[in-house]
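Engineer: Model the following, please.
(chains A and B)
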Amino acid sequence: MQTKPKNKKPAGEASTTFQSVKGMHDVLPAESCVQEKIYRLAREILEFYNFNSIATPLVEYLGLYNRTTGEATDIVEKQMFTLKTKGGETLALRPEFTPGIGRAYIQHGMSHYPHPVKLFTIGPLFRYEQPQAGRFRQFNQIDAEIFSTENDAIYDAQGILACYRILDELKIKNLIININTIGCITCRPNYRKALVSYYKNKEKQLCTDCKRRLPVNPLRLLDCKEPICQPLKEQAPNTLDYVCATCKKHFKEVLEYLDNLALPYALNPYLVRGLDYYSKTVFEINTQPAEGEEKIDFALGGGGRYDYLIEELGGRPTSAFGWALGVERIIDVLHTRNILPSSRPKEKVFLIHIGDLAKRKSLCLIETLRHAHINVIESLGKESLAAQLRAADKADAPLALIFGQKEAYEESIIIRDMKTGAQEMVPLTKLPEMIKRKLN
RNA sequence: GUGCCCAUAGUUUAGUGGUAAAACUCUUCCCUGUGGCGGAAAAAAUACGGGUUCGAUUCCCGUUGGGCACCCCA
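Structural biologist: Below is the predicted model of the structure:
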């Protein structure tokens, strides 16, 4: 009789064992390979559009985000993981990519690069939020930024195109680009004012949430789903009527480019983004549910133009357009629609050794196969033939190579077709050639 | 930050106020040079802490974690 040690289960930090931190998940092999596929596809597409990859640190000075993302935004006010160093500096785990990339653009004098400067990056971000569908405390984004000397609507269009293309190539159907313009530094306040004064006398006709939102974020009233608020929305002032001529022209051009590309978009005068640095074009990409499908409540990606950020950070005035895609959200959709990229595993042959001599030679044999570009899988620690064959079976190997005592002496090996059971003895020198022939 | 729901082996599920059942998986064996099927065996859990109780996995409270929603966002 053996007494087993009780395996005490964890409850967070204070226990004998640990769990992952709230809202932060292990990406297990099954999901990790999906993630890698998405990354590979994104890289391929972005490189085609001449984006170059960049990697900035996970941590920046807290002040960077205060200055750019916006001090009154939720991200800065309550969603940042901050930390103090021993030297007394206050740092923040990056909650988004754009400020860090903007900082790098200035710090490394990228304004002297030939423009446009197109950059992309993929990696984890951190926001202290309550986890829910499509929302985590550590999550991954695919991010792209275009810095240009000209404030040209064609960059907006190409940026949106690249973003759309990634989702499209992942076979996500019913994509819709929600797009709007929020004007520039001169015309934006006008719209807000108009909206507030429109709603001012009508407060009683609003839902509770909207009453509260009105002074804080009037633009959000337009997004309300409560039935009572609907009639008022229809009469509400429209962004386009308050935006200045320059902004209007810019927006019109963007839409014309999108028309030319035949991209599915919807004007959404109510779309506003929660980050301070946006100007003119803002957009989100959503996917609409098909028949009988549950609604997907989150955007897969979003972004927009930010023409003031670089200057705000002390650089010379630079036009910029950027976006980000939520990797977990993409995977979520691929999952619910059952359209995960099919993983066709590489065909691997399974090497089986029997006896000391063969075991000793097997590592070298694997190297030989490697040089011949043959994928090989094994279970080197197992001794019995039956166990190794079982392993080969589970690994779905089309061929097994049986390397026994006798074969090791004779410099030969048996190739077994796992499906038919047919076996053939071949000299080791001819092995790569024979394997390739049988696999085709 | 607020509200609602949830927590039993690696996974999916039973069940009970008297410390728990099964399926799949994993490992070993039947089979020490031939896998899949089949048979056998072994291993494996009541998230954590407290309370009520003679006794709690079960009831209650708290914590942690998970799910969902609000807020906001990718």
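Engineer: Kindly provide the distance from residue A:438 to residue A:397.
Structural biologist: 12 Å (Cβ to Cβ, to the nearest Å). From N, CA and C alone the C-beta is placed, and that goes for glycine too.
Engineer: Repeat that for residue A:52.
Structural biologist: 40 Å.
Engineer: neighbour count winner among these two?
Structural biologist: residue A:397 (23 against 12; other Cβ atoms under 10 Å).
Engineer: Return the residues of the stretch 151-300 of chain A in contact with RNA strand B.
Structural biologist: By Cβ under 7 Å from any atom of the strand, the part of the stretch 151-300 of chain A that sits against RNA strand B consists of A:209, A:213, A:217, A:220, A:272-275, A:284, A:297-300.
Engineer: Pull out the buried members of the residues you listed.
Structural biologist: A:213, A:220, A:272-273, A:275, A:284, A:298-300 (16 or more other Cβ atoms under 10 Å).
Engineer: could you dump those to TSV with secondary structure and pLDDT?
Structural biologist: Formatted as TSV, those follow (DSSP: H, G, I helix; E, B strand; the rest coil; pLDDT from 0 to 100):
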residue	secondary structure	pLDDT
A:213	helix	71
A:220	helix	70
A:272	coil	77
A:273	coil	77
A:275	coil	78
A:284	strand	96
A:298	coil	92
A:299	coil	94
A:300	coil	97
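Engineer: Quickly check those for the two that are furthest apart.
Structural biologist: A:213 and A:300 (25.1 Å; Cβ to Cβ).
Engineer: is stretch A:128-138 anywhere near RNA strand B?
Structural biologist: Yes - Stretch A:128-138 lies within reach of RNA strand B by Cβ under 7 Å from any atom of the strand, at A:129-136.
Engineer: would CSV of those residues with pLDDT and neighbour count be doable?
Structural biologist: What follows is the residues of stretch A:128-138 next to RNA strand B, written out as CSV (pLDDT from 0 to 100; neighbours: other Cβ atoms under 10 Å):
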residue, pLDDT, neighbour count
A:129, 94, 16
A:130, 94, 8
A:131, 95, 13
A:132, 94, 10
A:133, 92, 9
A:134, 94, 18
A:135, 95, 15
A:136, 96, 20
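Engineer: Of those residues, which is the nearest to residue A:152?
Structural biologist: Residue A:152 lies nearest to residue A:134 out of the residues of stretch A:128-138 next to RNA strand B, by Cβ to Cβ, at 33.1 Å.
Engineer: Spit out the contact partners of that closest one.
Structural biologist: A:296-298, A:326, A:328-329, A:332 (Cβ atoms under 8 Å, 6 or more residues apart in numbering).
Engineer: now do 10 Å
Structural biologist: A:296-300, A:326, A:328-333 (Cβ atoms under 10 Å, 6 or more residues apart in numbering).
Engineer: do the same with residue A:191
Structural biologist: A:181-183, A:218-219, A:237-243, A:269.
Engineer: go again using 7 Å as the cut-off
Structural biologist: Residue A:191 is in contact with A:183, A:239, A:242, counting by Cβ atoms under 7 Å, 6 or more residues apart in numbering.
Engineer: ditto for residue A:92
Structural biologist: A:59-60, A:62, A:65, A:80-82.
Engineer: again, but for residue A:339
Structural biologist: Per Cβ under 7 Å, 6+ apart, neighbours of residue A:339: residue A:171.
Engineer: Quick one: the helices in the stretch 201-350 of chain A, in order.
Structural biologist: Ranges of helices in the stretch 201-350 of chain A, per DSSP state H, counting those that start in this stretch, are A:208-216, A:230-235, A:239-242, A:245-261, A:309-312, A:327-336.
Engineer: check whether the last one contacts RNA strand B.
Structural biologist: Yes - in terms of Cβ under 7 Å from any atom of the strand, part of helix A:327-336 sits within range of RNA strand B, namely A:328-329.
Engineer: Determine the set of other helices and strands touching the helix or strand harbouring residue A:432.
Structural biologist: Assigned by DSSP states H and E, residue A:432 falls within helix A:431-439. Counting contacts by 3 or more Cβ pairs under 7 Å, 6 or more residues apart in numbering; DSSP states H and E, helix A:431-439 is packed against strand A:412-417.
Engineer: check contacts around the residue nearest the centre of chain A.
Structural biologist: For chain A, the residue nearest the mean C-alpha position is residue A:327 (2.7 Å; Cα atoms, centre = their mean). Neighbour list for residue A:327: A:35, A:38, A:140-142 [criterion: Cβ under 7 Å, 6+ apart].
Engineer: possible to save those residues as TSV with secondary structure and distance to residue A:319?
Structural biologist: Below are these laid out as TSV (DSSP: H, G, I helix; E, B strand; the rest coil; distance: Cβ to Cβ, whole Å):
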residue	secondary structure	distance to residue A:319
A:35	helix	32
A:38	helix	29
A:140	strand	27
A:141	strand	22
A:142	strand	22
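Engineer: any idea which of the residues you listed is closest to residue A:97?
Structural biologist: Nearest member of the contacts of residue A:327 to residue A:97, counting by Cβ to Cβ, is residue A:141, at 6.5 Å.
Engineer: Identify the residue spatially nearest to residue A:137, adjacent ones excluded.
Structural biologist: Spatial nearest neighbour of residue A:137, excluding adjacent residues (Cβ to Cβ, 6 or more residues apart in numbering): residue A:23 at 3.0 Å.
Engineer: Can you pull the phi/psi pair for that neighbour?
Structural biologist: Main-chain dihedrals, residue A:23, degrees, to the nearest 10: phi 80, psi 10.
Engineer: what's around it, how many residues?
Structural biologist: 17.
Engineer: That one against residue A:136, yeah?
Structural biologist: Yes - look at residue A:23 against residue A:136 with Cβ atoms under 7 Å: they come within range, at 5.0 Å.
Engineer: which sections of the stretch 1-150 of chain A are below the confidence cut-off?
Structural biologist: For the stretch 1-150 of chain A, the stretches with pLDDT under 70 are A:1-16.
Engineer: one more time with 90, if that's ok
Structural biologist: Residue ranges of the stretch 1-150 of chain A with pLDDT under 90: A:1-20, A:29-30, A:68-78, A:150.
Engineer: Tell me where it has strands.
Structural biologist: In the stretch 1-150 of chain A, the strands defined using DSSP state E, counting those that start in this stretch lie at A:52-53, A:59-61, A:82-84, A:90-93, A:117-126, A:138-148.
Engineer: ok, residue A:152 to residue A:341 distance?
Structural biologist: Residue A:152 is 35 Å from residue A:341, by Cβ to Cβ.
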